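Visitor: Here is my input; please provide its structure:
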Amino acid sequence: MKHYLISGGTGLIGAALCQQLIAAGHEVTVLSRRPSTVEDKCGVGIKAVQSLTDITPDTTIDIVINLAGEPIANARWTDKRKKLLESSRIELTAEIVDWISSRKQKPECLISGSAVGWYGDGGDQVLTEQSTSSYEYTHRLCDAWEKEALLAAEMGVRVCIVRTGLVLSSSGGVLQKMLLPFKLGLGGNLGSGEQYMPWIHILDMIRLLYFLATNKRVNGVFNACSPNPVTNQEFTLELTLQLHRYSLFSVPARALKIVLGEMSRLLLTGQRALPQRAIENGFSFTYPELKPALKNILDNE
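Guide: Numbers count the residues shown, from 1 in each chain. Below is the predicted model of the structure:
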């Protein structure tokens with residue numbers, strides 16, 4: 001059994017991952033600004049620390065999974081908000097890498113979060129881990145975030161970067177924000193609806209993280225999204241069908257730009273991203289198609 005250190009452990013992905021690791025018999029320590037909330041959110045038997053300095057030098061940490069980061073879609077991207085988005089990702093990752101460098105016994109692996117936003121607006125171009133990016137804020141944020149994590153490779157630590165898409169879950173995230181308006185018949189396309197939505201079921205997200213942690217021959221960048229991305233229009237149609245509702249409205253791009261400013265690009269642009277490297281390395285998806293993925297989540301809501 002391994003000892004995992006997880007930052008961002010109380011978030012949607014982190015909490016689900018902690019529960020799976022504990023159930024499998026692993027030891028888990030969560031780095032959190034609010035240690036008193038960790039056991040309630042992540043499960044009984046998980047140790048919480050407020051600072052990396054709380055981990056003693058003789059404590060063996062086998063795997064570090066860095067999932068921390070302020071939610072990117074919760075507020076307009078003011079200069080103040082951008083600084084918070086950057087510090088919660090780039091600066092914390094740098095702190096983790098510095099901590100790793102100070103350890104006599106270094107972890108086997110660092111798995112560090114990123115997002116498909118690294119690619120910027122990909123239009124309808126198929127994007128794999130070898131694709132280039134469109135230069136905009138999400139790329140600059142993710143690129144700086146990734147570069148900090150990759151410095152751990154210089155210390156002999158295996159590093160995996162996970163560019164995550166939209167995580168679908170019954171416990172929170174983007175789908176939960178969509179359900180109420182869709183149930184009220186107020187859901188609809190965002191802008192043209194032609195932008196791609198790279199999505200992944202929470203179960204596959206957790207399985208992929210565990211796959212990367214335990215597969216010692218893999219490293220580098222991995223797209224964490226289903227092999228079948230859909231457009232916003234296709235996602236809207238499938239969700240309305242499963243909720244037995246009609247999609248009567250759409251939100252004009254102009255209105256989103258006025259209300260959300262630069263952040264509207266999260267909703268009006270997309271990435272037709274594919275998990276090429278995960279599949280090439282033998283990972284198989286439990287929910288590769290949107291219809292059964294949504295059905296599973298909605299049935300367990």
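Visitor: and residue 160, what helix or strand is that in?
Guide: Using DSSP states H and E, residue 160 falls within strand 158-164.
Visitor: Are there helices or strands packed against the very next helix or strand once past that strand, and which ones?
Guide: Downstream of strand 158-164, the first helix or strand assigned by DSSP H and E is strand 166-168. Packed against strand 166-168 by the contact rule (3 or more C-beta pairs under 8 Å, 6 or more residues apart in numbering; DSSP states H and E) you find helix 174-183, strand 199-201, helix 202-214, helix 290-299. Bear in mind the C-beta positions are built from the backbone N, C-alpha and C, glycine included.
Visitor: what do you get if the cut-off is 6 Å, keeping everything else the same?
Guide: Strand 166-168 sits against strand 199-201, with contacts defined as 3 or more C-beta pairs under 6 Å, 6 or more residues apart in numbering; DSSP states H and E.
Visitor: From what I see, residue 187 and residue 181 are in contact.
Guide: Yes. Contact criterion C-beta atoms under 6 Å: residue 187 and residue 181 qualify, at 5.1 Å.
Visitor: So for the two, which sits in the more crowded spot?
Guide: Per other C-beta atoms under 10 Å, whichever of residue 187 and residue 181 has more neighbours is residue 187, with 23 against 13.
Visitor: Sheet partners, orientation included, of the helix or strand hosting residue 28?
Guide: Assignment of secondary structure by DSSP H and E places residue 28 within strand 27-31. If you go by DSSP bridges, strand 27-31 pairs up with strand 3-7 (parallel), strand 47-49 (parallel).
Visitor: same question for the last one, mean pLDDT?
Guide: What strand 47-49 shows for mean pLDDT is 93.
Visitor: quick one: contacts of that strand?
Guide: Applying C-beta atoms under 6 Å, 6 or more residues apart in numbering, the contact partners of strand 47-49 are 29, 30, 31, 32, 35, 38.
Visitor: Which residue in the residues you listed has the weakest pLDDT?
Guide: Looking at those by pLDDT, the weakest one is residue 35, with 84.
Visitor: Could you verify my assumption that that residue touches residue 50?
Guide: Yes. Taking C-beta under 6 Å as the definition, residue 35 is a contact partner of residue 50 at 5.1 Å.
Visitor: Which one of the two is surrounded by more residues?
Guide: Neighbour totals were compared for residue 35 and residue 50, and residue 35 leads with 16 against 13 (other C-beta under 10 Å).
Visitor: which ones are touching that one?
Guide: Applying C-beta under 6 Å, 6+ apart to residue 35 gives the contacts 48, 50.
Visitor: measure it to residue 47 for me?
Guide: Remark: distance between residue 35 and residue 47 (C-beta to C-beta, to the nearest Å) = 9 Å.
Visitor: Would you map the helices across this protein?
Guide: Assigned by DSSP state H, the chain shows helices spanning 12-23, 38-42, 79-86, 92-102, 137-150, 174-183, 202-214, 232-243, 253-260, 265-268, 276-280, 290-299.
Visitor: quick one: the third one to chain centroid distance?
Guide: In terms of C-alpha atoms, centre = their mean, to the nearest Å, the centre of helix 79-86 is set 18 Å apart from its chain centre.
Visitor: Mind listing what's buried along that helix?
Guide: 82, 85, 86 (16 or more other C-beta atoms under 10 Å).
Visitor: how big is the angle separating that helix from helix 92-102?
Guide: Between helix 79-86 and helix 92-102, the angle comes out at 30 degrees (axes from the mean of the first three to the mean of the last three C-alpha atoms, to 10 degrees).
Visitor: Show residues contacting helix 79-86.
Guide: Around helix 79-86, the neighbours that count as contacts under C-beta under 6 Å, 6+ apart are 70, 75.
Visitor: Quick one: work out the angle between it and helix 137-150.
Guide: For helix 79-86 against helix 137-150, the angle by the same axes, to 10 degrees is 30 degrees.
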